[in-house]
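A.B. asks: sharing a sequence plus its predicted fold:
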Amino acid sequence: MIESYGNVVAESLEFMQNLCNKLEGAEGNENSLENFDLGKFWVSLNSVVQRISTDVTKLSLILSKPPYPTAGELSSLLQPIQMQHNQLSSLFFTLPKELGLVLRSEVTTAVTRITKATYDFIKYLGQFTSQRNCQEQLLRLTGVVWEAREDIGKLPVDNRAAVLQILEAEEDLVLDALDEIQEVVSSEKESREIGGDIELIWNNEELELVQECVSLVKTSRALCQKLKTSVQNHGKCQTGHQAMQLDDISESIKKLSPAVDDFISSMYPPCSINNIRSNAVALSNVMESLLNQAKNSHFVPQEEQQWVNFLSLATTHNCNKVQPSTTNDSYSPLIILKDLSLK
């Protein structure tokens with residue numbers, strides 16, 4: 001019969017809960033970047049989470065078969081796990097804010113996850129018995145700790161890499177939305193060519209307007225591509241100002257796919273042309289804001305400002321085509337996108 005671990009587990013959980021609370025309210029270190037070595041930070045971080053995983057696995061294996069540890073022995077086995085988590089927490093709080101908010105958020109999430117995974121593992125020890133299903137559950141919880149350790153190994157190396165992940169995810173969302181509406185429009189046109197008693201989505205006027213709308217969505221996708229390429233080629237985070245510019249563009253880009261979704265949703269019946277036009281303006285405003293940020297950033301150097309101007313013209317042109325009164329301009333968005341190798 002296994003000795004009750006209740007008191008030992010309660011003490012350990014209190015310790016782990018305090019660490020979780022500290023992480024949830026974490027705002028990062030205000031220290032300068034001058035004396036901080038990010039490379040050394042990653043080495044230390046991966047080393048400590050590996051030790052946590054090893055110690056949790058060791059305890060899990062000990063509990064997999066008799067003789068089971070006494071409460072005192074369990075307390076001794078939990079001590080190194082707590083010590084490693086305390087070191088992990090201390091290490092996290094050395095990460096300067098100036099490295100970037102996106103990176104800090106990623107690290108916070110990953111460190112919190114492994115801390116909570118260990119908390120759940122320890123919590124289960126309070127109800128552990130020698131029954132097979134309990135041992136299987138303990139192995140499952142050990143696996144969650146392993147997964148959390150692996151996630152830390154996959155963290156972006158700096159704020160530039162962290163922001164690139166957001167830009168790539170946003171581009172995927174916009175591309176999915178674009179593919180969807182293009183497929184629907186293509187199917188609609190094929191149905192019209194076939195003729196017969198086929199229920200159509202739009203009348204002629206609506207279909208013409210929707211096709212004009214697609215051009216604006218294409219431009220938004222092109223904007224995603226160019227922002228991602230610019231950050232990839234020129235993005236830096238050696239200074240707090242550079243990291244802040246990357247943080248800002250990551251926050252702004254998150255507004256793009258919701259604006260695209262609202263715009264495309266308004267194209268479907270019941271079709272309101274006023275709503276379509278209103279959503280076109282809202283989308284173009286988001287795009288123009290992104291373009292202005294890009295133009296004044298370190299990751300779009302002066303010699304590459306041309307694409308910003310091109311996409312600004314394309315945005316205005318395609319938005320105007322959706323409006324009731326358009327201004328005459330001589331710029332074709334298709335030509336612009338071709339010039340940018342984005343057609």
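C.D. replies: Received the coordinates, thanks.

A.B. asks: which intervals of the stretch 51-200 of the chain have sub-threshold pLDDT?
C.D. replies: Filtered on pLDDT under 70, the stretch 51-200 of the chain yields the residue ranges 130, 132, 196-197.

A.B. asks: ranges for the strands of it?
C.D. replies: For the stretch 51-200 of the chain, no strands are identified by DSSP state E, counting those that start in this stretch.

A.B. asks: which SS class is residue 264?
C.D. replies: Secondary structure, DSSP: H, G, I helix; E, B strand; the rest coil: residue 264 is helix.

A.B. asks: residues in contact with it?
C.D. replies: Counting by Cβ atoms under 8 Å, 6 or more residues apart in numbering, residue 264 touches 177, 180-181, 213, 217. In short, each C-beta sits where N, CA and C put it, glycine included.

A.B. asks: the same query, at a cut-off of 7 Å, please.
C.D. replies: 177, 181, 217 (Cβ atoms under 7 Å, 6 or more residues apart in numbering).

A.B. asks: and for the last one, the neighbour number?
C.D. replies: Per other Cβ atoms under 10 Å, the neighbour tally for residue 217 reads 23.

A.B. asks: give me the pLDDT for it.
C.D. replies: Note on residue 217: pLDDT of 98.

A.B. asks: ok, how many other residues are close to the spatially closest residue to it that is not a sequence neighbour?
C.D. replies: Nearest residue to residue 217, sequence neighbours excluded (Cβ to Cβ, 6 or more residues apart in numbering): residue 178, at 5.0 Å. Residue 178 has 17 neighbours, counted by other Cβ under 10 Å.

A.B. asks: ok, the residue lying closest to residue 238 once chain neighbours are set aside - contacts?
C.D. replies: In space, residue 238 comes closest to residue 33 once its chain neighbours are excluded; the distance is 7.7 Å by Cβ to Cβ, 6+ apart. Listed by Cβ under 7 Å, 6+ apart, the contact partners of residue 33 are 96, 98-99.

A.B. asks: quick one, phi psi at residue 271?
C.D. replies: Backbone geometry at residue 271, expressed as degrees, to the nearest 10, gives phi -80, psi 120.

A.B. asks: that one: what's it in contact with?
C.D. replies: Residue 271 touches 202, 206, counting by Cβ under 7 Å, 6+ apart.

A.B. asks: what about the helices in the stretch 101-250 of the chain?
C.D. replies: Using DSSP state H, counting those that start in this stretch, the helices assigned to the stretch 101-250 of the chain run over residues 101-125, 132-153, 159-194, 204-234, 240-253.

A.B. asks: give me the packing partners of the fourth one, helices and strands only.
C.D. replies: So that's helix 204-234. helix 159-194, helix 240-253, helix 256-265, helix 273-295, helix 306-322, helix 333-339 (3 or more Cβ pairs under 7 Å, 6 or more residues apart in numbering; DSSP states H and E).

A.B. asks: kindly report the same for the last one.
C.D. replies: Counting contacts by 3+ Cβ pairs under 7 Å, 6+ apart, helix 240-253 packs against helix 101-125, helix 159-194, helix 204-234, helix 273-295.

A.B. asks: arrange the ones you listed in TSV, one row each, with distance to residue 248 as further columns.
C.D. replies: Listed next are the helices and strands packed on helix 240-253 as TSV, based on distance: least, Cβ to Cβ, whole Å:
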stretch	distance to residue 248
helix 101-125	9
helix 159-194	10
helix 204-234	12
helix 273-295	6
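
A.B. asks: now for those, which one comes closest to residue 42?
C.D. replies: Among these, helix 101-125 comes nearest to residue 42, with 9.8 Å by Cβ to Cβ.

A.B. asks: any idea how far that closest one is from the middle of the chain?
C.D. replies: Distance, stretch centre to chain centre, for helix 101-125: 17 Å (Cα atoms, centre = their mean, to the nearest Å).

A.B. asks: buried stuff in that helix?
C.D. replies: For helix 101-125, burial by neighbour count (16 or more other Cβ atoms under 10 Å) applies to 101-104, 106-108, 110-119, 121-123, 125.

A.B. asks: mind pulling up the pLDDT for the nearest residue to residue 319 once chain neighbours are set aside?
C.D. replies: Once flanking residues are discounted, residue 319 sits nearest to residue 284: 4.1 Å by Cβ to Cβ, 6+ apart. On the pLDDT scale, residue 284 is placed at 98.

A.B. asks: residue 284 and residue 316: what is the separation?
C.D. replies: With distances taken as Cβ to Cβ, to the nearest Å, residue 284 is found 7 Å from residue 316.

A.B. asks: of these two, who's got more company?
C.D. replies: Comparing residue 284 with residue 316 by other Cβ under 10 Å, the one with more neighbours is residue 284, at 22 against 18.

A.B. asks: correct me, but the more buried one touches residue 315?
C.D. replies: Yes. Residue 284 lies in contact with residue 315 (Cβ atoms under 7 Å); the separation is 5.1 Å.

A.B. asks: who touches both of these two?
C.D. replies: Joint contacts of residue 284 and residue 315 (Cβ under 7 Å, 6+ apart) do not exist.
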